[in-house]
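Q: Predicted model, plus sequence, below.
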Amino acid sequence: MFIPIWALLLGGLLVLLSAAWTVCLARRRNPLPFPDPGSRIFSASSAEAKEAIVELLSRHGLAERFRVDTSGILRSILWDGTIVNVQPPEVARKLGGGAASIGLVAGDPEASARAAADFLRSRGYEADVVLDAEPDLPIAFVTTDAFVGTVLNFRKHMVHLPRPR
């Protein structure tokens, strides 16, 4: 049986790429934007504090993947989707002092935020939708008294977000 050399090389390359991807997944370092499980966001008290926290987390195996800074918000995105950021006081005010956030992926962030707020209200909690907290990104926030110091945010899949500047 004759197997062309190009087929052997292509097969070998596919095996190597699959093995490399498997190793990345096992080390919790998926290089692809899929799946997008959302994020968990924590706010540091200053830019220096953010850098210290990110360095501390990297010493414990949770390294920074990249940074996305927008409209005064400094953000370090870690390999597991955790985000450590610094937000300006006006954003904190708009979010009712929320310093942490659970980020959820939604096809229509505004509609999903409104539905979440309606759901929480139906359960007896106060909930408000905030659309202008971060004008550079299409993110809809829900502030609620069901959380203490935490908000919800709804955003599009990471491949549909604008490129960082």
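A: That came in fine, so what should we check first? Residues are numbered from 1 along each chain as shown.

Q: which residues in this structure form helices?
A: Using DSSP state H, the helices of the chain run over 5-26, 47-59, 89-94, 109-122.

Q: Of those, flag the one that's most buried.
A: The highest average neighbour count among those, using mean count of other C-beta atoms under 10 Å, belongs to helix 109-122 at a mean of 17. All C-beta atoms are positioned from the backbone trio N, CA, C, and that covers glycine.

Q: these two touch, right, E126 and A117?
A: No - shown here, E126 and A117 do not form a contact pair, counting by C-beta atoms under 8 Å, at 9.2 Å.

Q: picking that back up, present the helices of the chain as TSV; the columns should include mean pLDDT.
A: What follows is the helices of the chain, written out as TSV (pLDDT from 0 to 100):
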stretch	mean pLDDT
helix 5-26	89
helix 47-59	95
helix 89-94	89
helix 109-122	97
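
Q: could those helices go into a markdown table alongside distance to F147?
A: Listed next are those as a markdown table, based on distance: least, C-beta to C-beta, whole Å:
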| stretch | distance to F147 |
| --- | --- |
| helix 5-26 | 32 |
| helix 47-59 | 21 |
| helix 89-94 | 15 |
| helix 109-122 | 10 |
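
Q: Nearest to P35, out of those?
A: Proximity to P35 (C-beta to C-beta) singles out helix 5-26 among those, at 11.1 Å.

Q: before we move on, back to that, mind listing the shared neighbours of E126 and A117?
A: T144 (C-beta atoms under 8 Å, 6 or more residues apart in numbering).

Q: center of the chain, which residue is that?
A: For the chain, the residue nearest the mean C-alpha position is S39 (3.6 Å; C-alpha atoms, centre = their mean).

Q: correct me, but that one touches V84?
A: No - S39 is not in contact with V84 according to C-beta under 8 Å; the separation is 10.6 Å.
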